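>>> below is the structure, and that's it, no one-letter string:
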């Protein structure tokens, strides 16, 4: 059952953006940090720690107010295999869990599918990504 076609999900870009690198406090493996600012002055901050197999993306509106936090579980190649998306409310450290994600990749290591689940692990939807010969996303189908 096909529901709609959506534009490319910006949060998936974190693995491909230029970033600054800094040593973590114990002098171990570098932590990758990327900040992407948009025309409306909103921005996304992405921190990736490959040793910990984790990443955290925080989205802010044009007033600098946190609007969403996504915590990613990364594989050995630094790709997201799953995520937890939070709204910045409540007493929990990350906020209120909105939904969970699971990522699948094609043979060229591009995101091919993203599955969405409720906080109680019930399947909600799937996005399937289509690419052109230049490896740019041309269409995202939601089922």
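Structure's in. What do you need? Note that the coordinates shown come from a computational prediction; the quantities given were computed from them, not determined experimentally. Numbering: from 1, shown residues only.
>>> in the protein, where is pLDDT below threshold?
Under the criterion of pLDDT under 70, the regions of the chain flagged as low confidence span 1-29, 90-93.
>>> strands along that one, start to end?
Per DSSP state E, the chain has strands spanning 4-6, 20-23, 30-37, 43-49, 54-60, 66-74, 80-87, 96-105, 111-117, 123-131, 137-142. These are given in chain order.
>>> those into CSV, with extra columns for mean neighbour count?
From N, CA and C alone the C-beta is placed, and that goes for glycine too. Output for the strands of the chain, formatted as CSV (neighbours: other Cβ atoms under 10 Å):
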stretch, mean neighbour count
strand 4-6, 11
strand 20-23, 10
strand 30-37, 16
strand 43-49, 19
strand 54-60, 20
strand 66-74, 18
strand 80-87, 19
strand 96-105, 17
strand 111-117, 18
strand 123-131, 15
strand 137-142, 14
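>>> I'd guessed residue 103 sits against residue 79; true?
Yes: the criterion here is Cβ atoms under 8 Å, and residue 103 meets it with residue 79 at 7.0 Å.
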